[in-house]
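In: Got a predicted structure plus its sequence, pasted below:
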Amino acid sequence: MKFKVSNHGYGIKELEDYIAKLESEGKYAEAFSWRRQLVYERTVEEDILSGRCQKCGGEGYLYDLVANGAYPCKCRFDSEISELFGERFKKADFGDFEGSVLRQINKLLSGPSFAIVGVPGSGKTRLLAAIYRESRNASVKCLFRRFTDMVTSIRESADGSFESLIQKLKNDRRRIRFLLDDIGVGEASPFISERLYRLADTIYTCNHQCIFTTNYDSQTLIANLGVCGNQIMSRISLSKEVLRFKDSVRKDFDGGATWTA
């Protein structure tokens, strides 16, 4: 008897019935070989239902028996990215972008701080999430903050989160990639602007790299950042190159397209 067993955890009942038939006919060796397939199919089904990666089972690593070693699975940082960026960006990686974007971003990543500019929905946050994944895979220290959350932490300075971030940036001798999403949303008060400058200056003096996204042109962004707007930008916009997304392609991406810059 021949039938196709699905590779995605379906057809298990059919497989169980077939194994029972083989055993009733005394074909135990053949039944045993099919039982190994049944164990695999059940494991895949459990992974699908639990949301675990079907390749590594949620361990985060794949094992090469020939080389006697392990390497990171593509899913390794899915939960981390989901928690930081949101569920829709859980699978973000450089494969979402076309070669022209990757060539430019790889060049920019090896240089000073730079901006990613584009209209809402054009892929800026997804690119940040992809940069986060690639940085973590390469063992590069990476921090992510939303600008609105940053402003909130400054306003609520009593909880110590902003000071903790400053100290983390000062004390870490490694070069950190600091990812800041949607900078310039709203108009910053003098109090907020001064502390944002302190953050930008810390990133600059400690030789970290700031990669930020914005919807605004430079003049509007400087105005929105308040009294220290020019000083802030002088510290975090060091590259002469800016990665610009021309159009919003969110709908196209939902259908499976890739982004171009």
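Out: Thanks, I have the structure now. Being a predicted model, the structure only gives us computed values, none of them experimental.

In: use CA for all of it now, contacts and neighbours both
Out: Fine.

In: next one: stretch 177-189 to chain centre, how far?
Out: Here the centre of stretch 177-189 is set off from its chain's centre by 18 Å, with CA atoms, centre = their mean, to the nearest Å.

In: repeat for stretch 84-96
Out: When C-alpha coordinates are averaged (CA atoms, centre = their mean), stretch 84-96 and its chain have centres 5 Å apart.

In: That one: which residues count as buried?
Out: For stretch 84-96, the neighbour count (16 or more other CA atoms under 10 Å) marks 85, 89-94, 96 as buried.

In: Please export the C-alpha coordinates of that stretch as CSV.
Out: Only the C-alpha atoms of stretch 84-96 are listed here, as CSV (Å, rounded to 0.1, in the frame of the first residue of the first chain):
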residue,chain,number,x,y,z
LEU,A,84,10.9,44.0,21.5
PHE,A,85,9.4,44.9,18.2
GLY,A,86,6.0,43.2,18.1
GLU,A,87,4.7,39.9,16.8
ARG,A,88,4.4,41.1,13.2
PHE,A,89,8.2,41.6,13.1
LYS,A,90,9.0,38.2,14.7
LYS,A,91,10.4,36.7,11.5
ALA,A,92,12.1,39.8,10.1
ASP,A,93,15.5,39.2,8.6
PHE,A,94,17.6,40.4,5.7
GLY,A,95,15.9,38.0,3.4
ASP,A,96,12.9,40.4,3.4
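
In: So which residues make contact with it?
Out: Identification of contacts with stretch 84-96 by CA atoms under 8 Å, 6 or more residues apart in numbering yields 75, 78-79, 81-82, 102, 125-127, 129-131, 133-134, 144, 257-259.

In: could you give the mean pLDDT of it?
Out: Stretch 84-96 shows a mean pLDDT of 91.

In: quick one: the helices in the chain?
Out: Counting by DSSP state H, residue ranges of the helices within the chain are 12-24, 28-50, 78-85, 99-109, 124-137, 147-155, 161-171, 190-205, 218-224, 229-236, 250-254.

In: can you put these in a markdown table and add distance to residue 182?
Out: Compiled in a markdown table, the helices of the chain are given as follows (distance: least, CA to CA, whole Å):
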| stretch | distance to residue 182 |
| --- | --- |
| helix 12-24 | 47 |
| helix 28-50 | 33 |
| helix 78-85 | 12 |
| helix 99-109 | 18 |
| helix 124-137 | 8 |
| helix 147-155 | 6 |
| helix 161-171 | 18 |
| helix 190-205 | 14 |
| helix 218-224 | 10 |
| helix 229-236 | 14 |
| helix 250-254 | 17 |
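
In: Without its sequence neighbours, what residue ends up closest to residue 236?
Out: Closest residue to residue 236 apart from its sequence neighbours, by CA to CA, 6 or more residues apart in numbering: residue 113 at 5.5 Å.
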